[in-house]
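Asker: Have a look at this fold, sequence not included:
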């Protein structure tokens, strides 16, 4: 772990949690500072209280001043509209550091404050057609239902059933199913 703390007097006002490791990038071994990332981390951001500009400035100053100790700073899962993306690239470019950004896949999400018909009407025609086609193929295999669980009475059993379904295709075989890693299963059970 490589954690940068920013203080204003004795008060903690910022945290940049990073990991230091050696990695291969484009076939070259590099000393990398990177976000503590895995596929279950949907987003990453530095923590800044109060004066975000000052906090980000202090974090960048430390990174710049210790740049002889690292070759690449790789920050994954950073939202494009975050303070980190608004501030750090400009400071790095100002100091002559090379930058690259890659847009990742957007995390799918559904607003749950409306019914499915409202959701479906808001989709592009091709997407609606794709959903209907897949639903018809599923219905050939058996009954298709949507069950909304609004209380936690049977939550543990229902989560187990959901995890079993998630693992039933290729994920369990490849070790990427939620139940393949006890700590990941604990994380999702805790989240639920």
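Answerer: Yep, it's here. This one's a predicted model, so the numbers in the text were calculated from it and none came from an experiment.
Asker: Look up how far residue 191 lies from the residue nearest to the spatial centre of the chain.
Answerer: Per C-alpha atoms, centre = their mean, the C-alpha nearest to the average position across the chain is that of residue 42, at 1.7 Å. Distance, residue 42 to residue 191, by C-beta to C-beta, to the nearest Å: 11 Å. C-betas here are computed from N, CA, C, even on glycine.
Asker: cool, and residue 125?
Answerer: Residue 125 is 34 Å from residue 191, where distance means C-beta to C-beta.
Asker: Stretch 34-54 - what's its average pLDDT?
Answerer: Stretch 34-54 shows a mean pLDDT of 83.
Asker: ah, wrong one, I meant stretch 76-94
Answerer: 89.
Asker: Ok, stretch 114-121 next?
Answerer: 81.
Asker: Residue 37 touches residue 77, doesn't it?
Answerer: Yes - if you go by C-beta atoms under 8 Å, residue 37 and residue 77 touch, sitting 6.0 Å apart.
Asker: in which helix or strand would I find residue 24?
Answerer: strand 11-25 (DSSP states H and E).
Asker: which neighbours does that strand have in its sheet, and in what orientation?
Answerer: strand 2-8 (antiparallel), strand 28-34 (antiparallel), strand 47-48 (antiparallel) (DSSP bridges).
Asker: Quick one: residues contacting the closest residue to residue 13 other than its chain neighbours.
Answerer: Once flanking residues are discounted, residue 13 sits nearest to residue 49: 4.7 Å by C-beta to C-beta, 6 or more residues apart in numbering. Residues in contact with residue 49 (C-beta atoms under 8 Å, 6 or more residues apart in numbering) are 12-14, 55.
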